[in-house]
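In: structure for this input, please:
(2 chains)
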Amino acid sequence: AQSVTQPDIHITVSEGASLELRCNYSYGATPYLFWYVQSPGQGLQLLLKYFSGDTLVQGIKGFEAEFKRSQSSFNLRKPSVHWSDAAEYFCAVKNQFYFGTGTSLTVIP
Amino acid sequence: GAVVSQHPSWVICKSGTSVKIECRSLDFQATTMFWYRQFPKQSLMLMATSNEGSKATYEQGVEKDKFLINHASLTLSTLTVTSAHPEDSSFYICSAPLLGHGANVLTFGAGSRLTVL
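Out: Numbers count the residues shown, from 1 in each chain, chains lettered A, B, ... in the order given. Have a look, this model is predicted:
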């Protein structure tokens, strides 16, 4: 069965520090993978997606993610976090039918 | 860009009443829309796929008589929570496929928070 796991429920980082949010998936074929951000009162916003090709994908707001088939992972990274990045982050697989449980990011000054 | 609008953004109702949530695609047509439910601090769970001009497809475990979905036009899908009870309190989110990406990329509404007293 398809599933998405986000091991970290909550992460706190200092502003300016680097960030990595983990995502592991279980899917029979090569998956379509997505990262979304959800801010209070706003809809989910697509950060980036991977369908095929280059395994390192660039997204909006300075985010990137790397698809690693051997590890069944699609971790989200950002080299320098801004206070405005505090939000809930969701990894999703296939046509976004399957979402991870989310990682809540807190950014401290 | 393609925008999905949900209304109302929040609603409070008494137990036993019905509540309708609208999902509109602005400036684009959506023959398919998806309805999700999100509990606090939890993930989005797909409830059903709304199909314009035909019956919705419900995910396993979702009561179709409780959650009525109607997709009467190419820009509007509605979710009606019938005879609502406190356990139906949740955040309901709709989405529609982005133009040019087939069904592979969705744009999401801002969600509707339902509180049943």
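In: looking at the chain, which helix or strand is least sure?
Out: Using chain A here. When the helices and strands of chain A are scored by mean pLDDT, DSSP states H and E, strand A:98-99 comes last with a mean of 86.
In: the chain in question should be chain B.
Out: strand B:106-108 (a mean of 89).
In: and for the least confident helix or strand of chain A, what's in contact with it?
Out: A:2-4, A:90-92, B:43-46 (C-beta atoms under 8 Å, 6 or more residues apart in numbering or on different chains). Just so you know, the C-beta spots here come from the backbone N, C-alpha and C atoms, and that holds for glycine as well.
In: helix or strand right after that strand?
Out: Sequence-wise, the next helix or strand downstream of strand A:98-99 (DSSP states H and E) is strand A:103-108.
In: ok, that next one: who's next to it in the sheet?
Out: Its sheet considered, strand A:103-108 pairs with strand A:10-14 (parallel), strand A:87-93 (antiparallel) by DSSP bridges.
In: tell me the most buried of these?
Out: strand A:87-93 (a mean of 23; mean count of other C-beta atoms under 10 Å in any protein chain shown).
In: so where is the chain shaky, pLDDT-wise?
Out: With no chain named, the answer covers chain A. For chain A, applying pLDDT under 70 flags the ranges A:1, A:95-96.
In: my bad, the chain I had in mind was chain B
Out: In chain B (pLDDT under 70), the answer is B:1, B:101-103.
In: for chain A, what are the nearby residues on chain B?
Out: B:4, B:6, B:9, B:34, B:41-46, B:93, B:95, B:103-111 (C-beta under 8 Å from any C-beta of the partner chain).
In: that older thread, which other helices and strands contact the helix or strand just after the least confident helix or strand of chain B?
Out: Sequence order places strand B:112-116 as the next helix or strand after strand B:106-108, per DSSP H and E. The elements that strand B:112-116 packs onto, with contact taken as 3 or more C-beta pairs under 8 Å, 6 or more residues apart in numbering or on different chains; DSSP states H and E, are strand B:10-13, strand B:19-26, strand B:90-97.
In: now do stretch A:60-71: distance to the chain's middle.
Out: 8 Å (C-alpha atoms, centre = their mean, to the nearest Å).
In: ends of that stretch, what's the gap?
Out: 24 Å (C-alpha to C-alpha, to the nearest Å).
In: and B:Phe67, what does it touch?
Out: B:35, B:47-48, B:58, B:79-82.
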